[in-house]
Structures are given as structure tokens and as C-alpha cells.
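Colleague: Got a sequence here, can you model it:
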Amino acid sequence: MRAFDDENRNDSGTLRKCFLTPITGVCSYPVIAPRRKLQPWHAASPPPAHGVEASTRKPRAHKLSAAALSHSGVSQVTEQYGQPGNDPRYTWDNRKKATAKHLIERYFRQLTDGCGNEDCTNEFCASCQHFRPVDKNSAAVKALELYKVNAKLCGPQKKDLDPDQPETSTNGIRPEFNRMMSDDLDLFPTKEAFSDVYYLTEDSVSVILGFCEEEGDYSALIRVIGRVFSSAEALTQSFRKSPPCSASAGAAAAAGVDVDTEGETTVPPMDDTGGAVAASPASTEDTASSSLGSDDDLSLDLEAVRRVYDRLQAHEQIEASLVNALVYLCPNLELDLEYLDMYHTNRDYLNIFVLVMENTNLHSPEYLEMALPLFCKAVCKLPVEAHARLTRVWSRSGAAHIRRLMETFQQLITFTIISNEYDAENLVNDDETVVAATKCLKLVFYASILGGDLDVDHNEEEDDSDSDSDEITLQELLGEERLYRRGPRVDLLERELGVRTVDVRKPVVPFEDFINESVNEVVEMDKDFTFYKVDADSKFSFQSCPFILNAVTKSQGLYYDNRIRMYSERRITALYSMAQGQQPNPYLKLKVRREHIIDDALVRLEMISMENPSDLKKQLFVEFEGEQGVDEGGVSKEFFQLVLEEIFNPDIGMFTYDQETRSFWFNSSSLENEAQYSLIGIVLGLAIYNNCILDVHFPMVVYRKLMGKKGTFPDLADSHPVLYQSLKQLLEYSGNVEEDIVTSFQISQTDLFGNPITYDLKEQGDGIPVTNHNKQEFVDMYTDYILNKSVERQFKAFKKGFLMVTNESPLKYLFRPEEVELLICGSRNLDFKALEETTDYDGGYSKDCQVIKDFWETIHSFGEDQKRQFLQFTTGSDRAPVGGLGKLKMIIAKNGSDTDRLPTSHTCFNALLLPEYSSKEKLRERLLKAITYAKGFGML
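Modeller: Numbers count the residues shown, from 1 in each chain. Here you go, the predicted structure:
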């Protein structure tokens with residue numbers, strides 16, 4: 001009970017409090033007024049008795065501490081004044097307190113001794129057979145909780161009816177419980193009682209919040225929240241999991257004090273300003289190692305933190321305190337991490353960042369303006385091993401939590417971008433808030449990968465034949481080695497986590513949700529590419545976080561990379577030619593005959609790949625023998641198209657065609673040599689390198705294999721759907737596989753001429769039956785044979801040709817397999833409405849001219865095949881570029897008045913020369929004839 005006289009004061013003359021840890025300093029962060037003021041509750045009449053209309057007024061929360069185990073203030077008051085009613089100062093409030101204490105004592109006795117009824121069914125009674133025994137400190141805390149919720153009490157025990165029992169004192173309370181409920185335990189505290197709270201637990205928050213709700217005044221809780229959440233040391237110690245210790249130590253930890261091994265209560269050391277002094281590195285490392293079960297385990301009780309946030313966020317007055325505390329805290333976090341290396345000193349320092357991000361209101365405007373940007377900058381100061389650990393912690397938090405984290409950082413990025421203006425001088429790359437939030441979003445991105453459907457085991461063997469030699473290159477002699485480094489840089493977080501983007505089949509949050517269109521609209525990719533290649537140590541590049549960029553933006557970065565390499569090769573060729581007195585050859589020139597395009601291209605490219613592979617990185621220049629066309633891009637497009645038509649011809653037998661999926665797969669029985677497959681790889685690489693779209697139909701597993709992954713069972717659904725369904729049914733079959741299906745580890749297939757051939761998945765596989773126990777092994781080995789082993793020779797040559805062109809490109813780092821397919825094949829969605837909106841006009845035409853209106857009405861009336869023929873005629877490709885037809889800049893120019901001539905085109909520039917036909921019918925007839933019979937190039 002509350003102390004009434006000087007006998008119950010401590011040496012300093014102040015009343016004893018249940019929270020014993022002193023904090024002499026008070027943080028001086030700015031105060032933001034709450035959005036609305038809560039009117040205090042005033043009782044017009046005495047409160048109801050316990051158990052009667054209890055819902056109209058919440059009982060006050062209570063708190064026990066291990067330090068409150070030695071005094072008996074109530075008995076002292078009783079001895080001085082006799083019965084409570086004899087004291088003139090004993091008012092209604094005093095009687096209420098006495099009644100509350102008696103009820104709490106009954107709960108305590110019920111939890112420790114039980115009611116004596118062997119058939120008791122009260123789950124909160126020690127006599128119940130399902131009750132789990134608790135120590136006395138825990139029982140005292142539980143008794144307070146049961147009192148607050150008006151829990152069930154068993155019938156009166158003998159000790160309740162016989163006050164002369166030796167175990168009870170003169171006031172009917174046992175001395176043992178009396179000591180726990182002494183005046184050191186302020187059962188009904190005042191505001192000042194919470195000034196000594198050093199750190200928070202769920203129980204301490206409940207006590208303070210209960211008091212504030214009772215008083216209708218949240219200023220006490222606001223002060224505590226502000227003090228604790230603005231201190232890194234306090235947050236590190238808050239909401240920790242209960243370590244294995246004695247009962248008294250556990251109770252002391254709940255009260256916010258430390259107990260040493262001998263059971264004595266201690267307080268953290270203080271510096272001159274009242275702040276806690278950090279422990280020595282040795283002691284904190286020992287503490288961290290003992291409190292963590294593994295590298296990624298936290299000493300933070302996440303469930304308790306979430307429950308506390310749920311309670312706090314129900315009160316708007318507290319939100320401002322959290323915001324201000326975070327603003328005050330973050331600069332100190334940055335300093336601690338940058339100059340004191342606090343994470344390596346105390347690994348529990350990571351608790352702060354996990355705890356703050358549990359706040360579900362971080363996306364609100366109050367946080368977005370200042371607090372969250374400062375916090376993101378502090379997160380960026382963590383070392384890479386801390387980033388990896390934080391990522392792993394978040395990856396286990398569930399899909400809803402990961403999505404909330406993603407949306408929080410995306411909201412900050414978008415909010416910052418739309419609040420500012422960016423141009424070539426004021427780059428978004430220089431905005432510290434956007435950069436910091438993007439780096440934090442990267443942690444969530446990898447958390448989504450780690451929590452998804454991972455496959456880190458099935459990787460293609462890397463070819464080390466092209467590893468860097470010890471010879472000095474010309475780029476190094478010219479001092480340009482940074483710009484032309486071999487391959488993409490290694491991502492430190494990716495290496496620390498041991499996972500790549502390509503390793504996940506289905507992340508927790510879809511990849512598309514991490515793309516921020518606001519960033520894609522304002523980023524200057526030419527500047528960003530320079531930062532990525534040259535100034536990576538001093539400037540931030542969004543290409544180091546490619547998940548935030550869409551395929552269109554990333555393709556622009558790849559375009560700059562390819563062009564600079566072309567110019568580099570051109571420059572090197574010129575220098576070599578000058579040194580050797582030869583004619584410079586700055587282009588990759590291919591002169592081919594239409595009738596023998598495969599033979600001519602194969603011979604030329606094979607010679608180049610053997611003699612000087614670096615020539616493949618020059619700009620491609622194609623010339624058709626006997627034709628006058630000059631290659632400004634359009635001739636190359638047709639060259640690629642003709643090569644692919646020839647190679648994928650079923651009569652050649654290099655690939656098999658699946659009618660159901662409309663895709664090609666490598667023919668394991670092909671008689672063609674590896675050079676033919678290398679040519680296909682080179683063609684695909686050259687198409688990417690020269691920004692050309694190809695009409696290629698490969699299943700997705702081909703692009704996954706190009707990115708370094710082996711084909712596995714899920715890939716069969718896309719490449720071999722019939723086989724996939726058969727094997728899936730085998731795995732799902734619940735009967736006796738050996739007797740009902742009767743198959744073995746020997747499989748059969750047909751060769752190029754239709755003859756059956758067999759293959760043993762295991763040695764003597766025909767004698768090994770497939771059973772319920774080994775059917776998964778059978779499926780895995782069957783899949784590995786179909787997608788990997790049977791086509792190993794063909795695919796290895798294909799990949800070798802592809803890497804001849806792209807081995808130094810950031811392609812593998814920037815793009816996912818789905819995006820590589822989009823990059824090579826373009827978009828399958830032909831939106832001619834978007835093309836109409838983006839088309840420009842020249843030579844006197846405008847969108848309001850009648851002939852232009854007739855033209856678009858004619859185009860929209862075409863079928864799918866005719867639309868593709870029109871694209872092929874106008875642009876040199878029947879596929880839409882990355883981003884759709886809206887990204888294709890087509891020009892329609894006037895080519896004279898009404899005439900019988902056919903329309904013509906400049907495929908290099910996507911330009912259509914259209915005469916001003918007199919009628920819509922004539923325009924349609926002339927246009928159809930042009931796109932149907934167009935073939936070859938000439939000079940106009």
C-alpha cells in the first residue's frame with residue numbers, strides 16, 4: 001500500500017518506488033502536440049465493487065520487482081492505527097485499496113497453495129491437475145494480472161476463514177505476500193513513480209498504460225516512451241527474451257533492473273550526463289554469445305514487441321512521442337555505428353533496428369517527413385554481416401510482414417520523389433533519403449528471396465576458360481580498366497547470404513512489386529551508368545539495386561554498356577592499325593548470300609571467334625551480296641530473322657518443336673556439330689548486344705540455364721508438359737507403385753530417325769523397379785537426364801557462343817531469366833493503340849489528316865498475322881520492343897500525292913513512306929501487297 005508517514009520513506013526522503021533503476025538525465029527531443037486531446041475521466045461516484053460492473057472502469061495495473069521483497073508497510077500502519085477504520089485519514093480510496101490487496105492475496109494463495117479441492121477445474125488454481133507450478137515471484141505477477149481481468153476465484157479456503165492461523169498477520173495477509181506487496185510496491189503509483197524506468201518490458205508498459213488509462217492522462221507514458229525510445233542503450237535492453245535465471249532475477253528483469261549471480265540488485269553504470277555507459281567489448285560479446293542460440297537468433301521478444309505496439313498505437317497521444325524519440329535516436333545510431341563500431345561490440349545492437357521496424361505506422365506522414373529517412377540512413381551504417389543477419393530475421397517473419405516492410409520503404413521513396421524535382425543537374429542519385437530507402441528496400445528484397453521457394457543446389461558448372469590472364473590489356477595501358485572490367489561486380493550482401501536472385505522460383509513478394517515507377521521516371525540512366533561503372537565507390541547507382549528498375553530502364557543501361565564497349569573496340573582497332581600500318585576495321589562486318597546465309601555466317605563467325613573473339617563486341621554491320629541496302633540497323637534485323645528461320649527449320653533437326661507449347665528444345669539426337677549450336681548462341685548474344693529483337697521460342701528453362709541454373713522438375717511444366725503431368729501423377733500416386741505402374745530406372749526415347757533408344761538412369765537400371773520409396777529419386781534423375789544430361793553437348797556449345805558476346809556484360813547481374821527472354825524476344829503483347837499514340841508524322845502529315853485516319857483504321861482492322869507482317873515490314877521485326885509498342889518510335893512520312901506505287905519503309909529508322917492515296921480502299925490494297933511480298937533491300 002502507499003506509505004503514509006516518514007517511516008516508509010528511504011534515506012533520501014523520497015517514497016520508495018517499484019522501479020528502482022535511476023536515470024538522472026532526461027532527453028531533450030522536441031515535443032509535437034498530439035493530434036487530439038483525450039478528455040480526462042472523472043468519477044462522479046465511488047467506483048463499483050470488484051466483480052460488479054467492472055467493465056465500466058479498468059482496475060489499475062500493478063508491477064512487482066525483486067527489490068520489493070523485504071518490507072511490510074501495511075502491517076506497520078495497522079500496528080500504529082489499529083484497524084483501518086479507526087484512522088481518520090482512511091477514506092473510501094483506502095478501503096478500496098485494502099479490498100484490492102486482499103483479493104490479490106487470494107489469487108496469489110490460489111496460485112501457490114491451491115483451494116484444496118482435488119476435482120478443481122479452475123486453470124488458475126494450483127489444485128487443478130492441469131496447472132503448471134510457478135515460483136512465488138511469478139505467482140505474484142500473475143495474481144495482479146488475474147485481479148485486473150476479474151478472473152475466477154475458487155471458494156474460500158480454511159485460511160481465509162481462520163485469521164488466527166500462524167501463517168497470517170494481524171491484517172489477514174500472510175507475511176510472505178505482505179513482503180511482496182509492501183510499500184516498495186507502489187500498488188497505485190503516481191506520475192513520478194515512472195521516472196526511474198530504465199528500459200521497457202511488456203509488463204512495465206502494461207503497468208504504466210493501465211495507470212494512464214485510469215487517470216485519463218498519458219503524459220507519464222509519453223515521457224517514458226520518449227526517454228526509452230530515444231536511447232540506444234535502453235532499446236537494446238528492452239523487450240528481451242527472459243534468460244535462464246532465478247525467480248528473483250526474473251522478476252527484477254521485468255522491473256527494469258539487473259540482478260547479479262548472487263541475487264543482488266544492481267543498476268547500469270551512468271555517465272556524467274545520466275546516460276548509460278556502454279559495457280566493455282569483452283563483456284558485451286560474452287553476453288551476446290550467451291543470449292543468442294545461433295547467429296541469426298535475436299534476444300528480442302518479437303511477439304511482445306508487437307503486442308505492445310498494438311496497445312500503444314491505439315492512443316494517438318503516444319504517436320508523437322514515438323516520432324520525436326526516433327528523430328532524436330537516429331543521429332546517435334549513425335555515430336555509434338560509424339565511429340564506435342557498436343554492432344561488433346554488442347551484437348544485440350541489431351535489436352534496435354528490428355524493434356523500430358515492427359512499428360506498423362512507419363508509412364504515415366508523421367514518420368515519412370523526418371523520422372523514417374533518418375532511420376534508413378542509420379540502417380545503411382550497419383556492416384554487411386549485420387545487413388545479412390537482419391535480412392535473415394525478416395525472411396522468417398512471414399509474407400504479411402515482409403510486404404509491409406516493402407510497402408513502407410516504397411512509400412518513402414515515392415513520397416520523397418514526388419516532393420522534389422530532379423533533372424540532369426539535380427540527380428535523384430544524390431538524394432540521400434531515396435538512396436538510403438533503396439538500400440533498405442534491398443534488404444527486404446533478399447528477405448523475400450530467402451523466405452521464398454529457393455533452389456540453391458542445382459547450378460551449372462561455371463566455365464573458367466575465359467578467366468583473366470596475367471597479360472596487360474590495352475585498356476589497362478590506357479587507364480580505362482575500371483570502365484571495361486570483366487563481368488559484373490560481386491554483390492557483398494548476396495555473397496554474405498549465399499543466395500542469388502536466380503536461385504528463387506517464387507519469392508514471398510513478387511518481383512514486380514519491388515519496381516518503383518517514380519524512380520524509373522526520374523533516373524538519368526546515362527549518368528547512372530557512369531556511377532555504376534566508374535564512380536561506384538563514391539556515387540550510388542540504381543543498377544546496384546536492379547530490382548527497383550523495370551526492364552525498359554535496365555535495357556537502357558545495358559544499351560549504354562554495349563555502345564561504350566563498341567566504341568572501345570573501335571578505338572583499340574584504330575590504335576592497333578596505326579601501330580601495324582594496316583587499314584582499320586572498326587566494325588564486325590558480315591557479307592552473306594541470302595541463299596547460303598547459314599554457311600556464310602557460320603564460317604565468318606567461327607573464324608572470328610577463333611582468331612579474335614573481341615571483334616564480336618564491335619558494332620555489327622551486315623551486307624547482303626547483290627543488294628544496295630546500307631545497314632543502319634534494319635539490315636541486321638533481317639539477317640537475324642533469316643538465320644533463325646533457317647536454324648529452327650525442323651528439316652535440319654537441330655531442335656524439336658512442341659505443338660502444345662509452341663517452343664523449341666535441343667535435339668539430343670542431332671547430327672549437327674557443336675559449331676552450329678555455338679552460332680545460335682552467338683546470334684542471341686549479338687542480338688542483345690546490337691539491340692535487336694528476335695523471334696525465338698525457347699522455354700524459360702533455357703534462359704535459367706544461361707543464367708547458371710540447371711533444369712529441375714518444375715521446369716518440365718514449361719518445356720515438356722506431357723512428361724511433367726505423367727511424373728507428377730507418379731509422385732501423387734498413393735497406391736503400390738511397384739505393382740500397379742511397373743516401371744524401372746531404364747527409360748526410352750526416339751532418335752532423329754524415329755528409332756527407340758534406351759538409357760539407364762542407374763547402372764543396370766532395367767533391374768531396379770520404381771517403388772513408393774524411390775519414386776522421388778526416379779523423377780529427379782529422369783528430369784536431370786531430359787533437361788541437362790541428354791543435351792549437355794548441345795547446350796554447352798550454345799552457351800559458349802552466347803558468352804562470347806555477353807561475358808563482360810552486366811546482363812547476368814541486372815536481369816532475371818524472364819527479363820532476358822523479354823530482352824531477346826521482345827513483348828508478345830502488340831498494342832497498336834499505344835503505337836498510334838506515340839507515332840510521329842513528317843512531310844506534311846499530321847494525326848488529323850484523312851489519309852492518316854484511314855491508315856490507322858486499316859491497321860486496327862488487320863488480323864494478328866497481318867499486324868505482325870506490318871511490323872516486320874516497317875521495323876524489321878514482328879515483335880514489340882521491351883516495354884511494348886508504346887516504346888517504339890515510328891515515323892509516317894508523306895511520299896508524294898496519289899499514285900499506284902506501294903508504300904516503302906526505312907527499317908533502320910522505323911519509318912514508313914506513305915503516299916497520299918485517294919481512298920481508304922486503295923490504301924488498304926496497296927499496303928497489304930507491300931507487307932505481304934516485301935523482301936530484300938534496295939536504294940530509293
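Colleague: wait, isn't Arg389 in contact with Leu350?
Modeller: Yes. The criterion here is CB atoms under 8 Å, and Arg389 meets it with Leu350 at 6.3 Å. Yep, even glycine has a C-beta here, placed from its N, CA and C like the rest.
Colleague: what residues are shared contacts of those two?
Modeller: Listed contacts common to Arg389 and Leu350 are nil; contacts here mean CB atoms under 8 Å, 6 or more residues apart in numbering.
Colleague: gap between the longest helix seen in the chain and the chain center?
Modeller: Secondary structure of the chain read by DSSP state H shows that its longest helix is helix 551-580. Chain-centre distance of helix 551-580: 34 Å, with CA atoms, centre = their mean, to the nearest Å.
Colleague: what packs against that helix?
Modeller: If you count contacts as 3 or more CB pairs under 8 Å, 6 or more residues apart in numbering; DSSP states H and E, helix 551-580 packs onto helix 474-477, helix 525-533, helix 674-689, helix 811-814, helix 817-825.
Colleague: Neighbouring strands of the very next helix or strand once past it in the sheet, and parallel or not?
Modeller: Note on helix 551-580: by DSSP states H and E, the next helix or strand toward the C-terminus is strand 587-592. Sheet pairing here is set by DSSP bridges, and for strand 587-592 it gives strand 619-624 (parallel).
Colleague: and the partner strand with helix 674-689, angle?
Modeller: Angle, strand 619-624 to helix 674-689, by axes from the mean of the first three to the mean of the last three CA atoms, to 10 degrees: 120 degrees.
Colleague: Residues contacting strand 619-624, please?
Modeller: 566, 570, 586-594, 629, 631, 635-636, 639, 686, 689-690, 936-937.
Colleague: what angle separates that strand from helix 551-580?
Modeller: Using the same axes, to 10 degrees: strand 619-624 against helix 551-580 is 80 degrees.
Colleague: Run the chain-centre distance for strand 619-624.
Modeller: For strand 619-624 - counting by CA atoms, centre = their mean - the centre lies 44 Å from the chain centre.
Colleague: CA atoms only for that strand, dumped as PDB, please.
Modeller: Written as PDB, here are the backbone C-alpha positions of strand 619-624 (Å, rounded to 0.1, in the frame of the first residue of the first chain):
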ATOM      1  CA  GLN A 619      29.100  -2.900 -83.900                       C
ATOM      2  CA  LEU A 620      27.500  -5.400 -86.300                       C
ATOM      3  CA  PHE A 621      27.400  -4.400 -90.000                       C
ATOM      4  CA  VAL A 622      25.600  -6.800 -92.400                       C
ATOM      5  CA  GLU A 623      25.700  -6.700 -96.200                       C
ATOM      6  CA  PHE A 624      23.600  -8.900 -98.400                       C
END
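Colleague: for it, what is the average pLDDT?
Modeller: Here strand 619-624 scores 85 as its mean pLDDT.
Colleague: now swap in stretch 231-238 and tell me
Modeller: For stretch 231-238, the per-residue pLDDT averages 93.
Colleague: ok so, going back, hmm, which of the contacts of strand 619-624 are the buried ones?
Modeller: Buried by 16 or more other CB atoms under 10 Å: 566, 570, 586-590, 592, 629, 631, 635-636, 639, 686, 689-690, 937, out of those.
Colleague: For the chain, give me the ranges with low pLDDT.
Modeller: 1-98, 155-193, 242-296, 462-489, 581-583, 628-633, 934-940 (pLDDT under 70).
Colleague: Would you map the strands across the chain?
Modeller: In the chain, the strands defined using DSSP state E lie at 258-259, 265-266, 453-454, 504-506, 587-592, 619-624, 655-658, 663-666, 746-750, 756-760, 840-842, 891-894, 904-906, 911-914.
Colleague: Make a markdown table from those and add distance to Ala797 to it.
Modeller: Shown next, in a markdown table, are these (distance: least, CB to CB, whole Å):
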| stretch | distance to Ala797 |
| --- | --- |
| strand 258-259 | 68 |
| strand 265-266 | 72 |
| strand 453-454 | 30 |
| strand 504-506 | 27 |
| strand 587-592 | 20 |
| strand 619-624 | 21 |
| strand 655-658 | 13 |
| strand 663-666 | 10 |
| strand 746-750 | 21 |
| strand 756-760 | 21 |
| strand 840-842 | 44 |
| strand 891-894 | 41 |
| strand 904-906 | 36 |
| strand 911-914 | 39 |
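Colleague: Among those, which comes closest to Ala424?
Modeller: strand 840-842 (23.7 Å; CB to CB).
Colleague: Which elements pack onto the closest one?
Modeller: Judged by 3+ CB pairs under 8 Å, 6+ apart, strand 840-842 is in contact with strand 891-894.
Colleague: Run me through the strand neighbours of the strand it packs on, direction for each.
Modeller: strand 840-842 (parallel), strand 911-914 (parallel).
Colleague: Buried ones in the first one, by neighbour count?
Modeller: Going by neighbour count (16+ other CB under 10 Å), the buried part of strand 840-842 is Tyr841.
Colleague: Tell me which residues are up against it.
Modeller: With CB under 8 Å, 6+ apart as the test, strand 840-842 has contacts from Lys847, Cys849, Ile852, Lys889, Met890, Ile891, Ile892, Ala893, Lys894.
Colleague: again, but for the last one
Modeller: Contacts to strand 911-914, defined as CB under 8 Å, 6+ apart, come from residues 845, 851, 855, 874, 890-895, 903-906.
Colleague: Just flag the most distant two among these.
Modeller: Among the contacts of strand 911-914, Val851 and His906 lie farthest apart (CB to CB), at 19.0 Å.
Colleague: excluding its backbone neighbours, what's nearest Ile768?
Modeller: Sequence neighbours aside, Phe745 is the residue nearest to Ile768 in space, at 4.4 Å (criterion: CB to CB, 6 or more residues apart in numbering).
Colleague: so the one you found makes contact with Thr758?
Modeller: No. Between Phe745 and Thr758 there is no contact under CB under 8 Å: 11.0 Å.
Colleague: Overlap in contacts, these two.
Modeller: Counting by CB under 8 Å, 6+ apart, the residues touching both Phe745 and Thr758 are Asp766.
Colleague: Looking at these two, which has the bigger crowd around it?
Modeller: Here Phe745 and Thr758 are compared on neighbour count by other CB atoms under 10 Å; more neighbours surround Phe745, at 21 against 10.
Colleague: That one: what's it in contact with?
Modeller: Counted by CB under 8 Å, 6+ apart, Phe745 has contacts Asp760, Leu761, Lys762, Gly765, Asp766, Ile768, Val770, Phe778, Met781.
Colleague: Looking at the residues you listed, state which has the most neighbours.
Modeller: Going by other CB under 10 Å, Phe778 tops the contacts of Phe745 with 24 neighbours.
Colleague: Surely that residue touches Asn772?
Modeller: No. Taking contacts as CB under 8 Å, Phe778 lies outside contact range of Asn772: 10.8 Å.
Colleague: Can you tell me how far Gly685 is from Ala436?
Modeller: Using CB to CB, to the nearest Å, one gets 37 Å for the distance from Gly685 to Ala436.
Colleague: re the thing from before, just put the contacts of Phe745 in TSV and tack on distance to Val384.
Modeller: Formatted as TSV, these follow (distance: CB to CB, whole Å):
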residue	distance to Val384
Asp760	47
Leu761	43
Lys762	44
Gly765	47
Asp766	53
Ile768	48
Val770	47
Phe778	42
Met781	39
